[in-house]
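Novice: turn this into a model:
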Amino acid sequence: MTPKSPAFSLVVPCYNEQESIPFTLPALCAAFEKAGVALELLAVDNGSKDRTGEILDGLASKGLPVRKVKVEVNQGYGLGILSGLREARAEWVGMIPCDGQVDPEDVVRLFEAVRYSDGKLIGKVRRRFRLDGWTRKFVSIAYNGMVLCLWPGLGSIDVNGSPKIVHRDVLRRLDLQSKRWFLDPELMIKAHYLGVRVLEVNVFARMRGHGLSHVRATTCWEFFATLLRYRFGGEIGRWRKAVEPLPEGPVCIAPDHVPR
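Specialist: Modelled structure (predicted):
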């Protein structure tokens, strides 16, 4: 049964992930249970055409802290995240793909690092050790280099590294809109302008063990084109004029007990 007051809401978009879900989601639940953290895992059936929704229902029926969120028609990774964020109930909210590339224990470690802060930060991983091919590595270096050229003070050299964890008060101000792959850089760029610092935890990034990646060659061009539009267009400027600044003091109160 899902806790009435979860300490952490984790959004996991699942698009045709019937092969990955049985390995990734139960492991995440077990890691947080072992750490004594009340987890709310918002598993988004992101318009899947396989048995993803059925498998998610099965996990919830077994008593795991899994809540299924349904997206009828897939419109992209970002919409899956946004749909889950709207249902999140905890003070701290995170997002992570369903590919199992980051160990569940590292997700717990990141959460423990941010929950004792003042809330004015983005907690994320830096995939320091990645088992990618040379083509993927080259594209990643070019992409992150371009982001840093456009926003030199962004505070990360692994912009798309997930999970990302943010306090819900900061999340509300970010007003995330991207329905496709640009959600990660949108979050980082807006956090930069909002004055939110970045806390990165180095992790080992595993190769996907089950299922197929949905990243295609066209995804790269989408990233590069959207970055340029975002930097030199008017969208980010309109958001900056409308956003409510962060308060002077902390936005959250850390738990009383000492972290492990």
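
Novice: now Phe129. Nearest residue, chain neighbours left out?
Specialist: Leaving out its chain neighbours, the residue that sits closest to Phe129 by CB to CB, 6 or more residues apart in numbering is Phe204, at 4.6 Å. Any C-beta I mention is one placed from the backbone N, CA and C, and that applies to glycine too.

Novice: for the stretch 151-260 of the chain, give me the ranges with low pLDDT.
Specialist: 207-219, 256-260 (pLDDT under 70).

Novice: run the last query once more with 80
Specialist: Scanning the stretch 151-260 of the chain for pLDDT under 80 picks out the ranges 206-221, 253-260.

Novice: can you show me the strands along it?
Specialist: With strands called from DSSP state E, counting those that start in this stretch, the stretch 151-260 of the chain shows them at 164-167, 197-205.

Novice: would you turn these into JSON lines with distance to Ala43?
Specialist: As requested, the strands of the stretch 151-260 of the chain are exported to JSON lines (distance: least, CB to CB, whole Å):
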{"stretch": "strand 164-167", "distance to Ala43": "17"}
{"stretch": "strand 197-205", "distance to Ala43": "21"}
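
Novice: closest to Val12 out of those?
Specialist: strand 164-167 (12.4 Å; CB to CB).

Novice: ok, the closest one: who's next to it in the sheet?
Specialist: Strand pairing for strand 164-167, using DSSP bridges, gives strand 92-95 (antiparallel), strand 121-130 (antiparallel).

Novice: show me the helices in the protein, by range?
Specialist: 21-34, 52-61, 77-85, 104-115, 134-150, 168-174, 183-194, 217-232, 235-242 (DSSP state H).

Novice: out of the ones you listed, which comes closest to Leu121?
Specialist: helix 104-115 (6.3 Å).

Novice: state the mean pLDDT of the closest one.
Specialist: Over the span of helix 104-115, the pLDDT mean works out to 97.

Novice: pull that helix out as PDB, backbone CA atoms only.
Specialist: C-alpha atoms of helix 104-115 as PDB (Å, rounded to 0.1, in the frame of the first residue of the first chain):
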ATOM      1  CA  PRO A 104      19.000   1.800  -7.000                       C
ATOM      2  CA  GLU A 105      21.400   2.300  -4.100                       C
ATOM      3  CA  ASP A 106      22.900   5.400  -5.900                       C
ATOM      4  CA  VAL A 107      19.400   6.800  -6.300                       C
ATOM      5  CA  VAL A 108      18.900   6.400  -2.500                       C
ATOM      6  CA  ARG A 109      22.300   8.000  -1.900                       C
ATOM      7  CA  LEU A 110      21.400  11.000  -4.000                       C
ATOM      8  CA  PHE A 111      18.100  11.500  -2.200                       C
ATOM      9  CA  GLU A 112      19.800  11.300   1.200                       C
ATOM     10  CA  ALA A 113      22.200  14.000   0.000                       C
ATOM     11  CA  VAL A 114      19.500  16.500  -0.900                       C
ATOM     12  CA  ARG A 115      16.900  15.900   1.800                       C
END
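
Novice: which strands and helices sit next to it?
Specialist: Contact partners of helix 104-115 among helices and strands, from 3 or more CB pairs under 8 Å, 6 or more residues apart in numbering; DSSP states H and E: strand 8-14, helix 21-34, strand 92-95, strand 121-130, strand 164-167, strand 197-205.

Novice: who's in contact with the last one?
Specialist: Read that as strand 197-205. 101-103, 106, 109-110, 113-114, 117, 120-132, 154-156, 158, 161, 188, 191 (CB atoms under 8 Å, 6 or more residues apart in numbering).

Novice: give me the low-pLDDT residue ranges for the stretch 1-150 of the chain?
Specialist: The stretch 1-150 of the chain contains residues with pLDDT under 80 at 1-4, 129-138.

Novice: mind listing what's buried in stretch 138-155?
Specialist: 139-140, 143-144, 146-147, 151, 154-155 (16 or more other CB atoms under 10 Å).

Novice: for stretch 25-39, same thing?
Specialist: 25-26, 28-29, 31-32, 35, 37, 39.

Novice: which residues are in contact with it?
Specialist: 3, 5-8, 10, 12, 41, 43, 56, 59, 64-66, 98, 100, 104-105, 107-108, 111-112, 260.

Novice: fine by me, thanks again.
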